[in-house]
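> I would like the atomic coordinates for the input below:
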Amino acid sequence: DMAAGMANGKAWFKVPAAIKFVLKNKPQDWVSGKDIILHIIGMIGVDGALYKSMEFMGNGLKHLTMDDRFTMANMAIEAGAKNGIFMVDDITLDYVKEHSTKEYKVYEPDSDAVYDEVYEIDLSQIKPTVAFPHLPDNTRTIDNVGDIEIDQVVIGSCTNGRLGDLRVAAKILKGKKVKKGVRVIVFPGTQNIYLQALKEGIIAELVEAGAVVSTPTCGPCLGGHMGILAKGERAVSTTNRNFVGRMGHPESEIYLASPAVAAASALTGKISDPRAI
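Next up, the predicted model:
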């Protein structure tokens, strides 16, 4: 494939089949795109959309921010998908106009589009959701988590390091202190996000609560640096994968969750419901 690309300037891709997800109604408070995509992955499995296109549409889209959508598209591959696509709406167009001056073209499904499967998702019924070790489809709602103490909280990464994510974390942590003995590490997704968070006072609020804020980096998400887990340690992380050894020692545990759940857990030292903070 590499040689063919170098010789011809082209790459070969198989056109994927599609799965339609019709999102309906408005999510509950403290339920975000991360909870929605974890719910979906838990429902269809880590191979439920293998080499397929996950296409999201429905009246529920109007209740999802671009940050929510980015997180869901980011984690489509955790269900085996080739991509995650959202129907274009006014929220999308406003974002494009704010961030680009280039001409754009809107693509929509054909009227006779064929889908391998169609799922209806009632967003109002989704609760804060956590993926237990060691797969993203090993999900439980927050009220079925139990009493699980943690050593570390990671907020950020390409999955949940956007400005909206940091705002949510700061809203929960502002004026409070993280649980003694719990490490809280925040990774803004980009330098621009970091700078805007500084201007809004978000970084100061996080640091005053006891978090460590890093420059944008993958950090511990792939077992690289700054937050590697030791043997027997547990982390609540807003990243996208919780495989064995993903963030450090193979006998450590990673629980995937939203920024709201992660921030709430930082305060209590155990996996916690943000609605109860």
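> CA only for contacts and neighbour counts going forward, please
Fine.
> burial count for Asp29?
11 (other CA atoms under 10 Å).
> and what of Glu253?
When neighbours are counted by other CA under 10 Å, Glu253 registers 26.
> can you check Tyr107 too?
Counted with other CA under 10 Å, residues neighbouring Tyr107 total 8.
> Name the SS class of it, please.
Three-state assignment for Tyr107 (DSSP: H, G, I helix; E, B strand; the rest coil): coil.
> need the contact list for it.
Going by CA atoms under 8 Å, 6 or more residues apart in numbering, Tyr107 touches Val88.
> Show the backbone phi and psi for it.
phi -110, psi 140 (degrees, to the nearest 10).
> for Gly232, same thing?
Gly232 adopts backbone torsions of phi 80, psi 0, taken as degrees, to the nearest 10.
> Quickly note the distance from it to Asp151.
Distance of Gly232 to Asp151, computed by CA to CA, to the nearest Å: 9 Å.
> ok, the two, which is more surrounded?
Neighbours per residue (other CA under 10 Å) separate Gly232 from Asp151, with Asp151 holding more: 20 against 11.
> Can you verify my assumption that the more buried one contacts Lys179?
No. Using CA atoms under 8 Å, Asp151 makes no contact with Lys179, being 9.7 Å away.
> which residues do those two both contact?
Jointly contacting Asp151 and Lys179 under the rule CA under 8 Å, 6+ apart are Gly269.
> biggest strand in this structure, by residue count?
The longest strand of the chain (DSSP state E) is strand 17-24.
> Need the residues that contact the helix or strand following that strand.
Counting by DSSP states H and E, the element after strand 17-24 in chain order, helix or strand, is helix 33-44. Outside helix 33-44, the residues within contact range by CA under 8 Å, 6+ apart are 48, 64, 67-69, 71-72, 75-76, 78-79, 123, 126-131, 136-139, 160, 257-258.
> Counting only strands, which of these make the cut?
Per DSSP E, the subset of the contacts of helix 33-44 in strands is Thr129, Val130, Ala131, Thr139.
> By neighbour count, which of those wins?
Among the ones in strands among the contacts of helix 33-44, Val130 has the most neighbours (other CA under 10 Å), with 31 neighbours.
> Give the bridge partners for that residue, please.
Using DSSP bridges, the bridge partners assigned to Val130 are Arg140.
> do Ile19 as well
Met54, Glu117.
> again with Val184
Note on Val184: beta-bridge partners Val153, judged by DSSP bridges.
> Tell me which helix or strand in this structure has the weakest average pLDDT.
helix 2-8 (a mean of 89; mean pLDDT, DSSP states H and E).
> So what touches that one?
Residues outside helix 2-8 that contact it (CA under 8 Å, 6+ apart) are Lys10, Ala11.
> CA atoms only: put that helix into CSV for me.
Taking C-alpha atoms only, helix 2-8 is exported to CSV below (Å, rounded to 0.1, in the frame of the first residue of the first chain):
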residue,chain,number,x,y,z
MET,A,2,2.8,2.4,0.9
ALA,A,3,4.6,1.7,-2.4
ALA,A,4,1.5,2.1,-4.5
GLY,A,5,0.7,5.4,-2.8
MET,A,6,4.2,6.7,-3.5
ALA,A,7,4.0,5.6,-7.1
ASN,A,8,0.5,6.8,-7.9
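> picking that back up, okay, the ones in strands among the contacts of helix 33-44 in TSV with distance to Ala266 and pLDDT next?
Formatted as TSV, the ones in strands among the contacts of helix 33-44 follow (distance: CA to CA, whole Å; pLDDT from 0 to 100):
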residue	distance to Ala266	pLDDT
Thr129	16	98
Val130	15	98
Ala131	17	97
Thr139	20	97
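> on that earlier part again, buried subset of the contacts of helix 33-44?
48, 67-69, 71-72, 75-76, 78-79, 123, 126-131, 136-139, 160, 257-258 (16 or more other CA atoms under 10 Å).
> So which residues of the stretch 151-277 of the chain form helices?
Secondary structure of the stretch 151-277 of the chain (DSSP state H, counting those that start in this stretch): helices at 157-160, 163-173, 191-199, 202-209, 259-268.
> what's the closest of the ones you listed to Met247?
Taking CA to CA, helix 157-160 is the member of these nearest to Met247, at 12.8 Å.
> give me the number of residues near the residue nearest to Val207 when sequence neighbours are not counted?
In space, and not counting its chain neighbours, Val207 is closest to Val213: 7.0 Å by CA to CA, 6 or more residues apart in numbering. Residues lying near Val213 (other CA under 10 Å) number 18.
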